[in-house]
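A.B. asks: sequence plus predicted model, see below.
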Amino acid sequence: MNYALSTSASTSSRPRVLIIGMDGATFDVIRPLAGAGQLPNLARLMREGCWGPLRSTVPPLTAPAWTSFMTGVNPGRHGLFDFRYRGAGSYDLFTNNTTTNRAPMLWEVLSQHGKRSCVLNVPATYPPRPFDGALVTGLLTPADAAVFTHPAELSAELLRAFPGYTVWPAGVRHAKGREHSFLEAARWLTDMGARLFHFMQPRGDWDLQMIVFMATDQVQHAMWHYRDATHRAHPAKPPAQFRDAIDATYQQVDAAIGEVLKAADDQTTVLVMSDHGFGPWEYWFHSNAWLLSEGFLAVKSGALSRLKYAAFQLGFAPLTFYKLAMGTGMAEAVARTTHRRREWSFNLLRRLFISFDDIDWSRTVAYSVGNLGQTFINRAGREPQGIVTDAEYERVLSTITDRLRALRDPRDGQPLVQEIVLGRDVYSGECAGDGPDVTLFLRDFRILGFGTAQFTSQRLLTPAYGMTGGHRMDGILIAAGRGVRKGQDVAGSRLWDLYPTIMALLGVPIPAGLDGRVLENILTPEILAQVRFDQRPYVDYFQRSGAGYSEDEEALVAERLKGLGYV
């Protein structure tokens, strides 16, 4: 497929940085393919520069990870810990967006130093915030958003150039029997990204350019079991198209990267990165079911709530209903309805099955929300009906973590929990107290904690349904071009380290208070000699603007995340 650019790379003496994001990319896939000559562009960058793992956030999820990259700080400072957050004064969840991000983004700070940026398809950038440059928002953009760019008039221009442009084709989701349409949508997504990059080239003289390719993440979520013969769901005879789908996706993205690289000149530094890694995912650990069984969650005493709880114990749970709906086509019929009718369907499920509506928060010690079963202590002064005081907190935390460590895998009796990460050990800053108190890493990440759907199953461990690949802590970093030392070790690099490193490459003073550090080991002495630090704190660059999601947009984004399996 040809993405030929209409403009040749500039030969300006001004330093430039080109960032290419591959969401969810892992060297476990890249290394063998590159070694076999199937990823020529990535292989060339690896030979000519340096590469290695890039550590993600806790938890390693798209929204907090990309936000930590673009702000240079940990989630405790920018405020995003998952796709969704608990609304003030309630236990209801809402979707994060740029109005809940409390830190300035890289391109916003660069703008205040006279640098212009072009940023395309980066997750968690909707609604767009103003800066000197251009932005097309990525994942978490509502499907029917009229304005999804900065400047605003660029939205109409894009839609004229690419009728039907969207972050992801509406109504397309992975489901059994729909693999072909899903893969076609993923190919379309990569093709559109490359065309969008080409479209933006003559529209500015950019100091920083960035584009994120999302197909790697989405195809790995859906297709990992076809590629991985060790996966519990691996078919005896996987169709060749599905078995090779992940490799083919990486190859298509590599070809698109080759075309994007035509915009680079000898004054350009190229960074290829991912927000997290990837690997097999086989089971769910239902964290709220465990908290309920251990007495940390309490059910209301009303007759209806007790009846729903009794039915739950007997197996009347959403996962059972979901499997039935998928088998009969009901789920697809619901997906084709309007978002208002889908919201009605989800409200109906809350009435039928036990949910947080049936929890007596005045007697609840802890609960779980999030894509890795993150656990929150129901703290007095933080949660609206919190009961655990500061004096009781350590005792409660110790009790919960001790019981988690005692859990055994029913399949072989081995410890179920690989690592327990306490929020206080990984989060710092004004938002740190909003994060989870406990995040679980379960056996080799093949088991993921699941607190997203409240009470999905009465069983503590069930085979994962819908997704067969999941996130890992180590993503990728490849650096090449101007200012990069060839063959250097990048081990120990973290997502938020790229922010000050990019500023160093562009000759911009680095603001105070960042969590990230300049990756000095990969930079040439010439670049290091020019590194400047600013006494001005990074927070002083923050300019809050715009409103968050409307009620309709919230429903649309939540539905998209449901289609991806994230909520």
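C.D. replies: Good, I have the coordinates. Numbers count the residues shown, from 1 in each chain.
A.B. asks: CA only for contacts and neighbour counts going forward, please
C.D. replies: OK.
A.B. asks: H78 against W66, yeah?
C.D. replies: No. Taking Cα atoms under 8 Å as the definition, H78 is not a contact partner of W66, at 11.1 Å.
A.B. asks: and D266, how far is that from R16?
C.D. replies: 9 Å (Cα to Cα, to the nearest Å).
A.B. asks: ok, those two, which is more surrounded?
C.D. replies: More neighbours surround R16 than the other of D266 and R16, with 24 against 14 (other Cα atoms under 10 Å).
A.B. asks: give the contact list for that one.
C.D. replies: Applying Cα atoms under 8 Å, 6 or more residues apart in numbering to R16 gives the contacts W206, D207, L208, Q267, T268, T269, L505, L506.
A.B. asks: so what's the residue count around the fourth one?
C.D. replies: Spelled out, that is Q267. Counted with other Cα under 10 Å, Q267 comes out at 17.
A.B. asks: same check, this time on the last one
C.D. replies: Using other Cα under 10 Å, the number of residues around L506 comes to 22.
A.B. asks: need the contact list for it.
C.D. replies: Shown in contact with L506 (Cα under 8 Å, 6+ apart): P15, R16, V17, D207.
A.B. asks: could you do the second one as well?
C.D. replies: Listed by Cα under 8 Å, 6+ apart, the contact set of D207 reads R14, P15, R16, V17, K115, R116, S117, L506.
A.B. asks: for the fifth one, helix, strand, or coil?
C.D. replies: Classification of K115 into helix, strand or coil gives coil, according to DSSP: H, G, I helix; E, B strand; the rest coil.
A.B. asks: and it, what's its pLDDT?
C.D. replies: What the model reports as pLDDT for K115 is 98.
A.B. asks: what's the distance between the residue of the chain most remote from its centre and Y309?
C.D. replies: Using Cα atoms, centre = their mean, the residue of the chain lying farthest from its centre is A303. It sits 39.9 Å away. Using Cα to Cα, A303 is found at 10 Å from Y309.
A.B. asks: got a pLDDT number for L324?
C.D. replies: With respect to pLDDT, L324 has a value of 63.
A.B. asks: ditto for the one 5 residues further on
C.D. replies: The predicted local distance difference test score for G329 is 56.
A.B. asks: still on that earlier bit, redo the contacts of L506 as a markdown table? Include distance to R405, secondary structure and pLDDT.
C.D. replies: Formatted as a markdown table, those follow (distance: Cα to Cα, whole Å; DSSP: H, G, I helix; E, B strand; the rest coil; pLDDT from 0 to 100):
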| residue | distance to R405 | secondary structure | pLDDT |
| --- | --- | --- | --- |
| P15 | 51 | coil | 97 |
| R16 | 49 | strand | 98 |
| V17 | 45 | strand | 98 |
| D207 | 50 | coil | 98 |
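A.B. asks: between these, which is nearest N378?
C.D. replies: Using Cα to Cα, V17 is the member of the contacts of L506 that lies nearest N378, at 44.7 Å.
A.B. asks: for that closest one, give me its contacts.
C.D. replies: Contacts of V17 (Cα under 8 Å, 6+ apart): D207, L208, Q209, T268, T269, V270, L271, I502, L505, L506.
A.B. asks: which of these fall in helices?
C.D. replies: Among these, DSSP state H puts I502, L505 in helices.
A.B. asks: present the contacts of V17 as TSV; the columns should include distance to R55.
C.D. replies: Listed next are the contacts of V17 as TSV, based on distance: Cα to Cα, whole Å:
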residue	distance to R55
D207	26
L208	23
Q209	22
T268	24
T269	21
V270	19
L271	15
I502	17
L505	21
L506	23
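A.B. asks: just the buried residues of the contacts of V17.
C.D. replies: Buried members of those, scored by 16 or more other Cα atoms under 10 Å, are D207, L208, Q209, T268, T269, V270, L271, I502, L505, L506.
A.B. asks: and the pLDDT for the residue nearest to A464 when sequence neighbours are not counted?
C.D. replies: With sequence-adjacent residues excluded and distances taken as Cα to Cα, 6 or more residues apart in numbering, A464 is closest to Y283, at 4.5 Å. For Y283, the model assigns a pLDDT of 95.
A.B. asks: count the neighbours of Y283 for me.
C.D. replies: 21.
A.B. asks: for it, give its distance to R411.
C.D. replies: Taken as Cα to Cα, the span from Y283 to R411 is 12 Å.
A.B. asks: A366 too?
C.D. replies: From A366 to R411 the distance is 27 Å (Cα to Cα).
A.B. asks: between those two, which has more neighbouring residues?
C.D. replies: More crowded of A366 and R411, by other Cα under 10 Å: A366, with 25 against 8.
A.B. asks: list the residues that contact that one.
C.D. replies: A366 neighbours (Cα under 8 Å, 6+ apart): L291, F296, L297, T375, F376, I377, N378.
A.B. asks: please name the nearest non-neighbouring residue to it.
C.D. replies: A366 sits nearest to I377 (Cα to Cα, 6+ apart), 4.4 Å away.
A.B. asks: residues in contact with that neighbour?
C.D. replies: V365, A366, Y367, V388, Y393, L397, D437.
A.B. asks: want to throw the residues you listed into a markdown table with distance to L93 and pLDDT?
C.D. replies: A markdown table is the format used below for these (distance: Cα to Cα, whole Å; pLDDT from 0 to 100):
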| residue | distance to L93 | pLDDT |
| --- | --- | --- |
| V365 | 19 | 98 |
| A366 | 16 | 98 |
| Y367 | 13 | 97 |
| V388 | 21 | 98 |
| Y393 | 24 | 98 |
| L397 | 23 | 98 |
| D437 | 17 | 98 |
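A.B. asks: can you tell me which of those residues end up in strands?
C.D. replies: A366, Y367 (DSSP state E).
A.B. asks: and the furthest pair within the contacts of I377?
C.D. replies: Y367 and Y393 (14.2 Å).
A.B. asks: tell me which of those two has more neighbours.
C.D. replies: Y367 (26 against 17).
A.B. asks: since we're on G429, how many residues are nearby?
C.D. replies: 14.
A.B. asks: right, and the helix or strand after the helix or strand encompassing R47?
C.D. replies: R47 is located in helix 40-48, with elements delineated by DSSP states H and E. As assigned by DSSP H and E, the chain's next helix or strand after helix 40-48 is strand 50-55.
A.B. asks: mind listing what that next one pairs with, with the direction of each?
C.D. replies: strand 474-481 (antiparallel), strand 493-494 (parallel) (DSSP bridges).
A.B. asks: need these in CSV (columns: mean neighbour count).
C.D. replies: Formatted as CSV, the strands paired with strand 50-55 follow (neighbours: other Cα atoms under 10 Å):
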stretch, mean neighbour count
strand 474-481, 25
strand 493-494, 22
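A.B. asks: who's in contact with the most centrally placed residue in the chain?
C.D. replies: Closest to where the C-alpha atoms of the chain average out (Cα atoms, centre = their mean) is T62, at 0.8 Å. Going by Cα under 8 Å, 6+ apart, T62 touches D23, D82, F83, P123, D275, H276.
A.B. asks: circling back to that earlier point, looking at the contacts of V17, which is nearest V136?
C.D. replies: Q209 (11.8 Å).
A.B. asks: ok, the closest one to G52 distance?
C.D. replies: Taking Cα to Cα, one finds Q209 at 22 Å from G52.
A.B. asks: G138 now?
C.D. replies: Distance, G138 to G52, by Cα to Cα: 26 Å.
A.B. asks: again, but for L120
C.D. replies: In this view, L120 and G52 are 24 Å apart by Cα to Cα.
A.B. asks: higher neighbour count, those two?
C.D. replies: L120 (24 against 20).
A.B. asks: roughly how far is the strand or helix carrying that one from the heart of the chain?
C.D. replies: Remark: L120 resides in strand 117-122, with elements defined by DSSP H and E. Taking Cα atoms, centre = their mean, to the nearest Å, the mean C-alpha location of strand 117-122 is offset from the chain mean by 16 Å.
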